[in-house]
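Participant: got a predicted structure plus its sequence, pasted below:
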Amino acid sequence: MATIIRNLIILGTLIAAICFPYVEANNPQSGSLMQYNELTSTEWPGTGDWLDLSRSLSLLSELYGPFQPSDYSDLCTSDKDLDITDPLQVAIANEGLCMQDPSCANLYCLEDDPETEGDKTNLPAYVLMAKTENDIVRGMQFAHENAMQVTVKSTGHSLTGDSTGQNSLLIWLAHFEPDNTIQIDYQDTCNDGTLHDVIGVAAGQNFKSIAEAVGDAYHFVSPSEWSVSAAGGFIQGGGLSYTSRKYGLGVDNVIAFRVILPSGTLVVADRCTNADLFWALRGGGGGTFGVVSHMTYKLHPPTPIVRFQFNLGDYSNNDTVVSDFLKYWVEVGPTLDERWGGRFTWYGLDLYFAGFQAGANLFVNDLMDWLAQTVDSPDSVASANQTKLYTSWSDVLSDLANAEGQEYLPETSFARLIPTSFAAQAIKSYQLMESLAITRSMGTTNFLLGGEINRVGDDETSVNPAMRDSTYLITANQIGYKTLLGVLPNNVTGTSKNHVGSLEPDWRESIWGSQYDFLLRIKTLIDPLNIMNCYQSVGYQGVEIDITNVGDIVRLPTRPLNPKGTIDVSSAVVARNPVGIKLVTCLAALSIYALSMF
């Protein structure tokens, strides 16, 4: 590691001296903000420049814009042909502007932004609908030549606003042709005999496409919403899944990437080729180190899935029963068979077992025994719960897609990793959860962690090392999150990039912990001009806002609660200066050198 860091420092010096002598003054952490060209700038590309860009794209690609603040309403809320409740439609609709949560068309994904005056919309100036890798290359080169900020969007599921940006050139990937090529006994460039069955995943391709290609033949790691893009922010932010205790995080299942760097250079990244870039892309966040145009993703042997839904029903309003349930859970949950995974809250469970029902019944029967000993009318609760069998994970995703969703409120959503050492102290763990339950400030999507997640070394990927030593991920609204921070500050734990809220304080440390400094070095080498600059990303430059300075948030709780306390399955929450051609060429050459010398 010392040699790697030394070489990185040398390369950074070379790039600063040869290509961009004022990079140091504009370092993302130096306090001096880069000055990107804007629509009103005299350096902004003219109509002819945009026409030239459009003509250089592939036949089926499009360039949309320029956009005005009112365009979001016109395209994404007023269009009667668009069902804004259908995430698959939203992902591919109306020139790439539409977001899965409409509030993310605003800065920081806030419906009401009391600290920002003037235009609060966070729309790009232009959208490049890319269909090929060369389209992405041309977009990157154009941004370099014109000192423009680049943002990247796949399907618009970001809930912190990091897939859009004011005055940016947004590269939209949702219309890439899927790959879905399945290969048996695939080897990466290491050629060391390590073999995997894999599937090829193109930029912007969603998990629905993968599920339909794989069917019942394999298991794969994914979020619960198949409308999410596979190679985008979900994977690059970590990739936490309901089955991660058995199969690991999404990043643990990536075998290789094809990436267009900010310089416009296309490279391959895996364990033995551009290994540091491969490390950074597996947890460092999307839209930061380049645009992933293709991913090679691991497939696992097929397994049936048992889904077990449990809720306390009318007893969810009985604080004594809720407390007893939490006492039971903090004792049993951490030691559950690692084939179990899923989410829980203070009134119920929504769990998935990777195996046959006989194995699942060991826990289900134990919980029913506890219920019979705890409440006066256990039959009334038991009858409302259900166990459902699926032939495969693809079958699960299809079923979840047909469930009715609930509104997500990003400005009141936060997440905190609960360390294994803390969870092992059942009394402390119970007291923390009870305090969140009593105030009704715990979210409904709290993950059970451990198992295979915790067997991966801290430095094997760039996710926060705290993820590798945690038992739970707890979500909360603003009230609950202050409680969590008071008990478990950043020097003890952190959060998940996949589940961080837009108002997370000290987010660099909270999201990445000790990994951030090395991620920033890689970012500075690969993108010294910082053209890929999105909110809550490595090297971000711009105005920041969090719960300490945004004022009171009054939209509580995190999610609407069903009167009987049921967990709705589908509500799971799923990261200037003008530049000439000579500089682009220089950066491309040095980028290739930088990524091959380690």
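Facilitator: Looks like it arrived, so ask away. Numbers count the residues shown, from 1 in each chain.

Participant: count of neighbours near G46?
Facilitator: If you count neighbours by other C-beta atoms under 10 Å, G46 ends up with 8. For every residue, glycine as well, the C-beta is placed using N, CA and C.

Participant: can you check D252 too?
Facilitator: 21.

Participant: who touches the closest residue to K153 other than its chain neighbours in this structure?
Facilitator: Spatial nearest neighbour of K153, chain neighbours left out: S163 (4.1 Å); criterion: C-beta to C-beta, 6 or more residues apart in numbering. By C-beta atoms under 8 Å, 6 or more residues apart in numbering, the residues touching S163 are 99, 104, 151-154, 156, 170, 233, 286-287, 534.

Participant: which of the residues you listed are buried?
Facilitator: 99, 104, 151-154, 156, 170, 233, 286-287, 534 (16 or more other C-beta atoms under 10 Å).

Participant: turn those residues into TSV, including pLDDT, secondary structure and distance to W44.
Facilitator: Output for those, formatted as TSV (pLDDT from 0 to 100; DSSP: H, G, I helix; E, B strand; the rest coil; distance: C-beta to C-beta, whole Å):
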residue	pLDDT	secondary structure	distance to W44
M99	90	coil	25
C104	86	helix	25
T151	96	strand	17
V152	97	strand	21
K153	96	strand	21
S154	94	coil	27
G156	89	coil	26
L170	97	strand	16
G233	94	helix	28
G286	95	coil	26
G287	95	coil	22
C534	91	coil	20
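
Participant: what would those look like in JSON lines with distance to L448?
Facilitator: JSON lines is the format used below for these (distance: C-beta to C-beta, whole Å):
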{"residue": "M99", "distance to L448": "29"}
{"residue": "C104", "distance to L448": "28"}
{"residue": "T151", "distance to L448": "34"}
{"residue": "V152", "distance to L448": "31"}
{"residue": "K153", "distance to L448": "31"}
{"residue": "S154", "distance to L448": "27"}
{"residue": "G156", "distance to L448": "28"}
{"residue": "L170", "distance to L448": "36"}
{"residue": "G233", "distance to L448": "23"}
{"residue": "G286", "distance to L448": "25"}
{"residue": "G287", "distance to L448": "29"}
{"residue": "C534", "distance to L448": "30"}
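
Participant: and of the residues you listed, the nearest to A280?
Facilitator: G286 (11.3 Å; C-beta to C-beta).

Participant: surely S316 and V322 touch.
Facilitator: Yes. With contact defined as C-beta atoms under 8 Å, S316 and V322 form a contacting pair (6.5 Å).

Participant: intersection of neighbour lists for these two?
Facilitator: By C-beta under 8 Å, 6+ apart, the residues touching both S316 and V322 are 346-347.

Participant: between these two, who's got more neighbours?
Facilitator: Comparing S316 with V322 by other C-beta under 10 Å, the one with more neighbours is S316, at 23 against 20.

Participant: what is the least confident helix or strand in this protein?
Facilitator: Sorted by mean pLDDT, DSSP states H and E, the helices and strands of the chain end with helix 581-596, the least confident at a mean of 40.

Participant: point out where this protein drops to low pLDDT.
Facilitator: Scanning the chain for pLDDT under 70 picks out 1-34, 112-119, 404-412, 550-598.

Participant: how about it, which residue sits the furthest from its center?
Facilitator: D376 (42.7 Å; C-alpha atoms, centre = their mean).

Participant: and the particular helix or strand that has D185 in it, what other elements does it pack with?
Facilitator: Assigned by DSSP states H and E, D185 belongs to strand 182-186. Contacts defined by 3 or more C-beta pairs under 8 Å, 6 or more residues apart in numbering; DSSP states H and E place strand 182-186 against strand 196-202.

Participant: can you name every helix or strand that the strand it packs on contacts?
Facilitator: strand 182-186, helix 207-214, strand 291-298.

Participant: ok, N491 to D506 distance?
Facilitator: As judged by C-beta to C-beta, to the nearest Å, N491 and D506 stand 10 Å apart.

Participant: more neighbours: which of the two?
Facilitator: Neighbours were tallied for N491 and for D506 using other C-beta under 10 Å; the higher tally belongs to D506 (13 against 8).

Participant: where do the helices of the stretch 351-500 of the chain begin and end?
Facilitator: Remark: helices assigned in the stretch 351-500 of the chain by DSSP state H, counting those that start in this stretch are 357-374, 378-382, 393-401, 420-423, 426-438, 478-487.

Participant: and the stretch 51-200 of the chain, by the same measure?
Facilitator: 71-72, 87-92, 133-145.

Participant: before we move on, what about the stretch 201-350 of the chain?
Facilitator: Under DSSP H, counting those that start in this stretch, the stretch 201-350 of the chain gives helices at 207-214, 233-236, 244-247, 275-281, 319-332.

Participant: turn those into JSON lines, including distance to L39.
Facilitator: Below are the helices of the stretch 201-350 of the chain laid out as JSON lines (distance: least, C-beta to C-beta, whole Å):
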{"stretch": "helix 207-214", "distance to L39": "35"}
{"stretch": "helix 233-236", "distance to L39": "26"}
{"stretch": "helix 244-247", "distance to L39": "43"}
{"stretch": "helix 275-281", "distance to L39": "31"}
{"stretch": "helix 319-332", "distance to L39": "53"}
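
Participant: can you say which of those helices is nearest to M295?
Facilitator: helix 233-236 (6.9 Å).

Participant: okay, now R282: neighbour count?
Facilitator: For R282, using other C-beta under 10 Å, the count is 24.

Participant: what of G486?
Facilitator: Neighbours of G486 (other C-beta under 10 Å): 8.

Participant: same check on S383?
Facilitator: Neighbour tally, S383, other C-beta under 10 Å: 10.

Participant: what of the one 10 residues further on?
Facilitator: Look at W393: counted by other C-beta under 10 Å, it has 28 neighbours.
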